[in-house]
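*Asks:* Sequence isn't available, so here's the structure alone:
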Ligand code: PAF
């Protein structure tokens, strides 16, 4: 695997591959890779001739009081895992390479409406930061396909919307969430949890499972949300939001919607965890 910070190098390599009629898959990450990321890379290997990965802790998607400085950086271990998984090219830019004029003078990409609710309501500007960096990375790498985890369900929808709205010729693939044996969704932020908090955090997935069953049996969405909120609080969570939406559009649920998604964000101690569960109403 070749590692570079040079945009021209990435472009030249991808151009060479494409000139030979070969396809390129891209997995953007912020590093501190776990099995969830490695699953994305292995899926990318199956779907394209070459796999490019980026590791960039994007300051634009962190709020002022968020964990940008504390965000775990584990480049050597990440590289070893990526080589094993079959990545061929790794892009590890610095903020100065990505935002040479500084973030204040940087053009940005805003995906309206869905960026401002759910996680966007608690993290103003977060999805603008995500859309901007992903757009920029897409322009640098110019992949045929790009893969994202379904764990960040709203992020996946924001990126799909951006690609569609801006007619980007890239197929976006969502990959199933990888979970610990306890059901806890894998996340770099799980590293902030104590062992005790980690066991308690498994209740998030159990609560969503119960919610989905309740909604399937009686259709009472608001009641299911209220019971689940109490269950999360009893397990030591401070719920941020719990919502049920149409899984295809993230629109509020109407009687026509069959394919639904439960979206949850909750604090365990100081760590904000998110998760989701898709299910059919009947
Ligand atoms: O999901 C992430 O790791 C990040 O939000 C992404 C997509 C790499 C953009 O920085």
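*Replies:* Noted; the coordinates are in hand. These numbers were taken from a predicted model, which means no experiment stands behind them.

*Asks:* Now do the same contact list for the spatially closest residue to residue 188 that is not a sequence neighbour.
*Replies:* If the residues on either side of it in the chain are set aside, residue 188 comes closest to residue 32, at 4.1 Å by CB to CB, 6 or more residues apart in numbering. Every C-beta, even on glycine, is put in place using the N, C-alpha and C of the backbone. Taking CB atoms under 8 Å, 6 or more residues apart in numbering, we find residue 32 in contact with 71-74, 78, 188, 191.

*Asks:* buried subset of these?
*Replies:* Neighbour counting by 16 or more other CB atoms under 10 Å classes 71, 78, 188 among the contacts of residue 32 as buried.

*Asks:* ok, so of those, who is nearest the ligand?
*Replies:* Nearest to the ligand among the buried ones among the contacts of residue 32: residue 188, at 7.9 Å, using CB to the nearest ligand atom.

*Asks:* What parts of this protein come near the ligand?
*Replies:* When proximity is defined as CB under 6 Å from any ligand atom, the chain approaches the ligand at 28-30, 58, 61, 130, 133-134, 152, 155.

*Asks:* For the ligand, what is the nearest residue in the stretch 51-200 of the chain?
*Replies:* In the stretch 51-200 of the chain, the residue that lies nearest the ligand is residue 58 (4.1 Å; CB to the nearest ligand atom).

*Asks:* wait, residue 38 sits on residue 85?
*Replies:* Yes - the pair residue 38 and residue 85 passes the contact test of CB atoms under 8 Å, sitting 4.9 Å apart.

*Asks:* Identify the residues contacting the helix or strand encompassing residue 14?
*Replies:* Under the criterion of DSSP states H and E, residue 14 resides in helix 7-19. Residues from elsewhere that reach helix 7-19, judged by CB under 8 Å, 6+ apart: 2, 4, 23-24, 49-50, 52, 89, 91, 93, 97, 140-143.

*Asks:* Mind checking what helix or strand follows that helix in sequence?
*Replies:* The helix or strand immediately downstream of helix 7-19 is strand 24-29, counting by DSSP H and E.

*Asks:* What strands flank that next one, and is each parallel or antiparallel?
*Replies:* Here strand 24-29 is paired, per DSSP bridges, with strand 50-55 (parallel), strand 145-149 (parallel).

*Asks:* mind listing the strands for the stretch 51-200 of the chain?
*Replies:* Remark: strands assigned in the stretch 51-200 of the chain by DSSP state E, counting those that start in this stretch are 89-91, 145-149, 171-175.

*Asks:* Just put these in a markdown table and tack on mean pLDDT and mean neighbour count.
*Replies:* Listed next are those as a markdown table, based on pLDDT from 0 to 100; neighbours: other CB atoms under 10 Å:
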| stretch | mean pLDDT | mean neighbour count |
| --- | --- | --- |
| strand 89-91 | 98 | 22 |
| strand 145-149 | 98 | 22 |
| strand 171-175 | 98 | 18 |
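
*Asks:* Can you lay out the ones you listed as CSV showing distance to residue 163?
*Replies:* Shown next, in CSV, are the strands of the stretch 51-200 of the chain (distance: least, CB to CB, whole Å):
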stretch, distance to residue 163
strand 89-91, 19
strand 145-149, 8
strand 171-175, 6
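
*Asks:* Residue 242 touches residue 232, doesn't it?
*Replies:* Yes - the pair residue 242 / residue 232 is scored as a contact, 7.4 Å apart, by CB under 8 Å.

*Asks:* how about the strands of the stretch 51-200 of the chain, which one is nearest residue 201?
*Replies:* Comparing the strands of the stretch 51-200 of the chain against residue 201 with CB to CB, the closest turns out to be strand 145-149 (17.4 Å).
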